[in-house]
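In: everything below, folded, please.
(one chain, ligands or ions: 1)
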Amino acid sequence: MKIRSIDDLDVRAKRVLLRVDINSPIDLTTGTIRDDNRLRKSLPTIRDLADAGARLVLIAHQGDTLDYHNLVSLEEHARLLGGMLGRSVGYIDDVAGPAARDAIGRLEPGGILLLDNLRFLTEEVSTFENAVKLTADEMTGTYLVRNLAPLFDAYVNDAFAAAHRNAPSMVAFQELLPTAGGRLLVAELDALSGVAENPDRPCVFVLGGLKISDAFSMMRKVLADGVADVVLTAGITGQVMLMAEGIILGEPSEAFIRDRSLEVFVEPAVEYLRNYRDKIRVPLDIAYDDGGRRVELSVAELPAPAPIIDIGTNTIGAYREILRSAATIFVNGPAGVYESEVGAEGTRELWSTIAAAAGHSVIGGGDTVASARRFVDLNDIGFVSTGGGALIRYLSGQPLPLLQAMEKAASDL
Ligand code: 3PG
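Out: Residues are numbered from 1 along each chain as shown. Prediction:
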């Protein structure tokens with residue numbers, strides 16, 4: 001995909017508006033940031049633009065109306081960014097009103113200012129996006145864009161993790177200002193297009209976890225396009241694949257799946273198995289929790305009397321063999337209930353195999369990265385995406401509003 005890089009912009013003494021995604025998990029009791037990963041990943045673009053003499057203004061969202069307890073100000077984000085950069089990052093508790101505009105006007109070359117949480121503006125929350133559905137052109141008339149665009153010489157987007165959001169801060173400034181993609185956006189697109197377009201072979205997808213709709217939409221796309229040579233299923237995804245093979249898991253696991261209305265995925269699972277049986281691996285054995293004791297059963301020995309919490313030892317061994325000879329590995333979702341000791345073995349063993357494997361690994365999604373961090377050093381993973389929803393949509397072949405806006409901006413040059 002063709003997007004302009006920040007190296008193509010002359011930013012010296014220019015006012016540059018930089019959209020980052022520093023949306024972070026918030027500790028409910030203290031109200032402070034629990035994980036600063038996205039802040040760290042935003043540093044290269046901020047540093048390079050400020051070093052090049054830009055008057056740099058950062059905009060970002062935090063939380064959402066659907067995630068209300070996370071909808072806090074960006075004051076702590078500014079303080080943490082300043083500490084990581086070793087330079088002052090100003091903060092103003094205003095998004096696009098007179099105080100923000102005044103602070104932007106006073107910024108010196110090399111200065112950095114973070115405006116307040118974009119989602120304090122109605123126009124930026126997902127409930128507005130879903131209900132009102134403005135085009136990018138219509139969004140140039142929103143309060144945010146109308147007030148800020150005239151103050152800037154260029155717009156940079158480095159917010160891959162919000163690429164699925166059709167919000168003014170993500171898609172409308174491109175209509176009005178010279179535009180470039182930041183370092184993180186470019187790195188994310190390189191890594192993910194490397195998986196989705198022309199991966200080194202064999203290319204292995206590990207799809208586990210509880211978010212089965214994500215796993216199924218990716219599975220459909222990567223199997224249909226011939227991107228995945230092998231799909232290893234685990235977690236609830238693996239359990240639904242077993243149900244599609246006519247295996248009775250046992251009432252506790254089936255009730256869990258039914259209560260979350262996940263049995264609707266059995267039908268697509270039957271279809272995938274019919275069309276791609278040679279590429280899909282399903283668990284050979286499972287583990288269940290017998291009052292704090294791990295008990296394993298082969299698939300032939302099912303049903304299990306308690307909820308299934310992990311893949312079993314034979315499955316772990318078979319999956320490890322496949323991962324060791326893979327050239328490309330993509331992972332979304334843990335193999336089991338890794339938070340409990342009895343359910344952790346599959347997740348732990350697969351992560352240690354992936355971290356030691358010769359193949360290039362790409363991972364993403366909050367739960368996936370949290371489970372990897374628990375068992376391995378993330379530096380041993382090839383690429384850790386900051387994307388959650390954006391990553392899933394990208395690999396499922398769904399259009400991303402940010403990428404459409406960036407492509408349009410590049411083609412308008
Ligand atoms: C994310 O955390 O996935 C991004 O920051 C986007 O957040 P959102 O899902 O609240 O739009």
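
In: next up, phi/psi of the residue nearest to Ser371 when sequence neighbours are not counted, please.
Out: If the residues on either side of it in the chain are set aside, Ser371 comes closest to Pro334, at 4.0 Å by Cβ to Cβ, 6 or more residues apart in numbering. Any C-beta I mention is one placed from the backbone N, CA and C, and that applies to glycine too. Here is the backbone geometry of Pro334 (degrees, to the nearest 10): phi -70, psi 160.

In: where's Pro334 relative to Thr347, distance?
Out: 4 Å (Cβ to Cβ, to the nearest Å).

In: which residues do the two both contact?
Out: The overlap between the contact sets of Pro334 and Thr347 (Cβ atoms under 8 Å, 6 or more residues apart in numbering) consists of 208, 371.

In: what about the residue of the stretch 301-413 of the chain found nearest the ligand, how many neighbours?
Out: Closest contact between the stretch 301-413 of the chain and the ligand, by Cβ to the nearest ligand atom, is at Gly388 (3.9 Å). By other Cβ atoms under 10 Å, the residues close to Gly388 number 21.

In: how about the contacts made by it?
Out: Contacts of Gly388 (Cβ under 8 Å, 6+ apart): 161, 364-366.

In: got these as TSV, with pLDDT and secondary structure columns?
Out: Shown next, in TSV, are the contacts of Gly388 (pLDDT from 0 to 100; DSSP: H, G, I helix; E, B strand; the rest coil):
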residue	pLDDT	secondary structure
Ala161	97	helix
Gly364	93	coil
Gly365	89	coil
Gly366	86	helix
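
In: can you verify my assumption that Ile22 contacts Ala60?
Out: Yes: judged on Cβ atoms under 8 Å, Ile22 makes contact with Ala60 at a distance of 4.8 Å.

In: shared neighbours, those two?
Out: With contacts defined as Cβ under 8 Å, 6+ apart, the residues shared by Ile22 and Ala60 are 74, 77.

In: now do the SS call for the closest residue in space to Asp93 that isn't next to it in sequence.
Out: With Cβ to Cβ, 6+ apart as the criterion, Asp93 has its nearest non-adjacent residue at 5.2 Å, and that residue is Asp116. Put simply, Asp116 is coil when judged by DSSP: H, G, I helix; E, B strand; the rest coil.

In: gap between Asp116 and Val299?
Out: Distance from Asp116 to Val299, by Cβ to Cβ: 54 Å.

In: wait, is Leu144 part of a strand?
Out: No: under three-state DSSP, Leu144 sits outside any strand and is assigned helix.

In: which residues in the stretch 151-300 of the chain form strands?
Out: 154-157, 179-181, 203-207, 230-233, 280-281, 285-290, 293-298 (DSSP state E, counting those that start in this stretch).

In: nearest to the ligand, out of these?
Out: Comparing those by Cβ to the nearest ligand atom, strand 154-157 comes nearest, at 13.1 Å.

In: is the ligand contacted by the closest one?
Out: No: counting by Cβ under 6 Å from any ligand atom, the ligand is not contacted by strand 154-157; separation bottoms out at 13.1 Å.

In: what's that strand in contact with?
Out: Identification of contacts with strand 154-157 by Cβ under 8 Å, 6+ apart yields 6, 9, 11, 14-19, 45, 49, 170, 173-174, 176-182, 185, 402, 406.

In: and Met243, how far from Val231?
Out: From Met243 across to Val231, the span is 16 Å (Cβ to Cβ).

In: which of those two has more residues huddled nearby?
Out: Val231 (24 against 19).

In: find the closest residue to the ligand in the chain.
Out: Going by Cβ to the nearest ligand atom, the ligand is nearest to Asn23 of the chain, at 3.4 Å.

In: that residue: what secondary structure?
Out: Under three-state DSSP, the three-state class of Asn23 is coil.

In: that one and Gly388: what is the separation?
Out: 9 Å.

In: overlap of the contact sets of the two?
Out: Ala161.

In: report pLDDT for the residue of the chain most remote from its centre.
Out: In the chain, counting by Cα atoms, centre = their mean, Glu301 sits farthest out from the average C-alpha position, at 37.2 Å. As predicted, Glu301 sits at a pLDDT of 98.
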